[in-house]
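1. Show me how the following folds:
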Amino acid sequence: MAGTGYLRGDFETTVGSESNSSPTLSTKSIYVPSQVATFALNPNPLERDDELRGIDEPIAVLEEVHQPTWALTTRAYPDVLGFLLKAQLGAPTTTTGNNVITDANGVVVPTGAYRHTWTAPFGPTGANPQTTQWRASYVDQTVFLKAHGCAVNTMQFSVPETGGVGVQASGPLTYLERTADPSLTASYESLTVPPFLNANLAINSDLASASGAEGDFNFQIDSPVTAVSDFSSASRFPNQMYKGDTSVLMSGSITRSLLKSAEWDALKAATGFALKFTFTSTAVIASAYPYKLIYSIGNAQYSGGGPQDLAARRRIGAGFDWRAGYSGTAGNTTIQLVNATASYT
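-> A predicted model of the protein is given here:
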């Protein structure tokens, strides 16, 4: 495959819009090695075919409103993940490795590595989510788009046996415009840093001793957001991005090679259990310490699924849906990323 297009992301300090098309941007920017990036205008023109005008033809439509959206598919590279996690959950607490602090698995983080931690209830504070500005440059077609006020509604992670861990992020945005060539020079995370892989994954839970070997494992983060017009500007686009009505939800699914009674009982009783999954990269940041992504869930619960169909087979497994939930202890769900990026501000 070939192509010289690029996708650049920057954090906005205020929600960008048609009337606020040049908000202050973050120092941190990123060029994403995207597999697919979609920016859709989603026009909703004014149709007037219901008017009596003495003609027997469709009437030309008029531009009225647009409800633009964006979507991104890429692999789980360490720096890309940090950017997307901040875009969805707000800024992390970042601590510089110093050969003293430890990661969520109790391993010392050396100098040269940086520990980024997101803790429930996730941010940012206030009514607005973190938004980003994306520049989608179709260089070979000489078309350049700038997307303002992009919010992450859903981030899905797939962990196939081959192909690397996949990430899909999507959501609404406030304003999509075509611009002149920004003449940017794309700079990516080093090719020597691979994405996280299925082989990098270790899963630990309170039900582990009762569980069969893992098969498929997928998870996602949902953080409802809403793009609205507050009638403060004469724009055909939304001009504000607000958080939705429900809280950020982390959930997923897991397939077991063997059906075990303890998991059936946990599904029936909605029993809470600790769940931790860790991706440990093959690439080293410093002092033999590798890139890591660690999800620690103090109270996971099975919310669906069950045994595979009873059939004439010697081995019957199970599949379960799970979700993370508050059980009386604040901050018992954390996401921790250790990489070589000093800051996402």
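2. any idea which element Asp230 lies in?
-> Following DSSP states H and E, one finds Asp230 outside all helices and strands.
3. Tell me which stretches of the stretch 201-345 of the chain form strands.
-> 201-205, 214-222, 225-228, 240-243, 249-256, 273-286, 289-307, 318-324, 333-339 (DSSP state E, counting those that start in this stretch).
4. Now the last one: buried residues?
-> So that's strand 333-339. 333-339 (16 or more other CB atoms under 10 Å). In this view, the C-beta of every residue, glycine as well, is placed from N, C-alpha and C.
5. and it with strand 289-307, angle?
-> Interaxial angle, strand 333-339 versus strand 289-307 (axes from the mean of the first three to the mean of the last three CA atoms, to 10 degrees): 140 degrees.
6. just checking, what packs against strand 333-339?
-> Helices and strands touching strand 333-339, by 3 or more CB pairs under 8 Å, 6 or more residues apart in numbering; DSSP states H and E, are helix 78-89, strand 114-119, strand 289-307.
7. Sheet-wise, list the partners of that strand with their directions.
-> strand 114-119 (antiparallel), strand 289-307 (antiparallel) (DSSP bridges).
8. For Asp181, see how far away the residue nearest to Ser187 when sequence neighbours are not counted is.
-> Closest residue to Ser187 apart from its sequence neighbours, by CB to CB, 6 or more residues apart in numbering: Tyr31 at 5.8 Å. The gap separating Tyr31 from Asp181 is 16 Å, by CB to CB, to the nearest Å.
9. cool, and Ser190?
-> Taken as CB to CB, the span from Ser190 to Asp181 is 27 Å.
10. out of the strands of the stretch 201-345 of the chain, deepest packed?
-> strand 333-339 (a mean of 23; mean count of other CB atoms under 10 Å).
11. contacts for the helix or strand where Trp134 lies?
-> Assigned by DSSP H and E, Trp134 belongs to strand 132-138. For strand 132-138, the surrounding residues in contact (CB atoms under 8 Å, 6 or more residues apart in numbering) are 5-12, 16, 23, 25, 37, 39, 70, 87, 144-151, 181-182, 184.
12. go with 7 Å
-> Here strand 132-138 makes contact (CB atoms under 7 Å, 6 or more residues apart in numbering) with 5-12, 16, 25, 37, 39, 70, 87, 144-148, 150, 182, 184.
13. low-confidence ranges in the stretch 201-345 of the chain?
-> 208-215 (pLDDT under 70).
14. Looking at the strands paired with strand 333-339, which is nearest to Ser261?
-> Using CB to CB as the measure, strand 289-307 is the one of the strands paired with strand 333-339 that comes nearest Ser261, at 10.5 Å.
15. and the angle for that closest one with strand 214-222?
-> Computed by the same axes, to 10 degrees, the angle separating strand 289-307 from strand 214-222 equals 100 degrees.
16. Output strand 289-307 as PDB - backbone C-alpha positions only.
-> C-alpha atoms of strand 289-307 as PDB (Å, rounded to 0.1, in the frame of the first residue of the first chain):
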ATOM      1  CA  TYR A 289      11.700  -2.100  31.700                       C
ATOM      2  CA  PRO A 290       9.100  -2.600  28.900                       C
ATOM      3  CA  TYR A 291       6.100  -0.600  27.700                       C
ATOM      4  CA  LYS A 292       3.000  -1.600  29.700                       C
ATOM      5  CA  LEU A 293      -0.700  -1.100  29.800                       C
ATOM      6  CA  ILE A 294      -2.400  -2.300  33.000                       C
ATOM      7  CA  TYR A 295      -6.200  -2.200  33.700                       C
ATOM      8  CA  SER A 296      -7.000  -2.800  37.400                       C
ATOM      9  CA  ILE A 297     -10.700  -3.400  38.200                       C
ATOM     10  CA  GLY A 298     -11.600  -3.800  41.900                       C
ATOM     11  CA  ASN A 299     -15.100  -4.800  41.200                       C
ATOM     12  CA  ALA A 300     -15.900  -6.600  38.000                       C
ATOM     13  CA  GLN A 301     -19.200  -8.500  37.500                       C
ATOM     14  CA  TYR A 302     -20.500 -10.900  34.900                       C
ATOM     15  CA  SER A 303     -23.500  -9.300  33.200                       C
ATOM     16  CA  GLY A 304     -24.400 -11.800  30.500                       C
ATOM     17  CA  GLY A 305     -23.400 -14.900  28.700                       C
ATOM     18  CA  GLY A 306     -23.000 -18.400  30.000                       C
ATOM     19  CA  PRO A 307     -22.100 -22.000  28.900                       C
END
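17. Many thanks, have a good one.
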